[in-house]
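> dropping a prediction and its sequence here:
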Amino acid sequence: SKSSFVVGDVNDSFACGCDTIIMLQHHPVYTLGTGSDEKFVLSSEDTAVPVVRMDRGGEVTYHGPGQLTVYPVLDLRSYRQDIHWYMRALEEAIILALSKCGMTQSAQRQDDVTGVWVDNHKVAAVGIKCRKWITMHGLAVNVEEKSLTNFRGIVPCGLEGRKVGCINQFIQDPMTVQEFALVMKEALQEVFQIELVQGEAM
C-alpha cells in the first residue's frame, strides 16, 4: 500500500511544485548507504532478499512488509536550512507518533547514533540525503513483528550487538502499518507545522 500527501493548499495542479510525503511498505530489500561496508550484510543461503546501494547516508538497513517507510520530499528553504535540524525533526516526529500509540515504555534518542529506541531496541531508522536543500530518502518505523525477521541477515546500521524491535512489542493492542501511518501523519504535521492533504497514490 502507498499513500502520497502534499503540503499546503491543493489545487488542480497540486502535483507541480509542492512538498510531498510518500508513505509505503516495501517489498523485502536490504539497502546500503553510499559509504556502507558490505561486511554488515551477513552471508546467508536461506534468504533471497536483494541488496541495493543507495545515495543516502548511513549503513545497511532493511525495508519490507510490516514496516512503514516515509519519504519526505521537502524544500528546506521553506523550513530551516540545517541538515542536523532536519534529522532531529524526523526523530522528534517518530517519538511523538510513538507517544500517541500507548507505548508501555518511552521512545528516545541515543547518544551518537541516529534513529529512535524503545527499551534499548531500535524501532526506527533515519537516513537522508539533501541536494540544493531538497530532501531525499527518509525514515522507517518497524510496526508489526513480521518486519523483524529479515534483520537477522544484516548488522542493522552497522551497530553490532544492538537489538531491533517493533512497535507491537511495546503496546497492548497491536497496530497495523496503515493505522500507524495515520498517527505518523499527525506527528509530521505537528513537528513541521504543516497540513498534509491526501494526494493521488503514485
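Okay, I see it.
> please count neighbours and contacts with C-alpha atoms only from this point.
Fine.
> what sits up against stretch 86-100?
80, 106-109, 115-116, 124, 126, 128, 139, 141, 167, 183-184, 186-188, 190-192 (C-alpha atoms under 8 Å, 6 or more residues apart in numbering).
> what residues are up against the nearest residue to Pro174 once chain neighbours are set aside?
The shortest distance from Pro174 to any non-neighbouring residue, by C-alpha to C-alpha, 6 or more residues apart in numbering, is to Asn168 (5.1 Å). For Asn168, the contact set (C-alpha under 8 Å, 6+ apart) comprises 143-145, 174-175.
> ok, now with 10 Å
101, 103, 142-145, 174-176 (C-alpha atoms under 10 Å, 6 or more residues apart in numbering).
> select only the buried ones of these in PyMOL?
A single PyMOL command selects the buried members of the contacts of Asn168 (16 or more other C-alpha atoms under 10 Å):
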select buried, resi 101+103+142+143+144+145+175
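> and the contacts of Asn168, which is closest to Val155?
Here the nearest of the contacts of Asn168 to Val155, counting by C-alpha to C-alpha, is Asn142; it sits at 15.7 Å.
> is the closest one bridged to anything, and to what?
Gln67 (DSSP bridges).
> again, but for Lys129
Met136.
> I figured it hits Leu74, correct?
No - contact criterion C-alpha atoms under 10 Å: Lys129 and Leu74 do not qualify, at 11.2 Å.
> so between those two, which is more surrounded?
Neighbour count, other C-alpha atoms under 10 Å: between Lys129 and Leu74, Leu74 has more, with 19 against 15.
> so what's the residue count around Thr34?
Thr34 has 14 nearby residues by other C-alpha under 10 Å.
> next up, phi/psi of it, please.
In terms of degrees, to the nearest 10, the main-chain angles of Thr34 are phi -60, psi -40.
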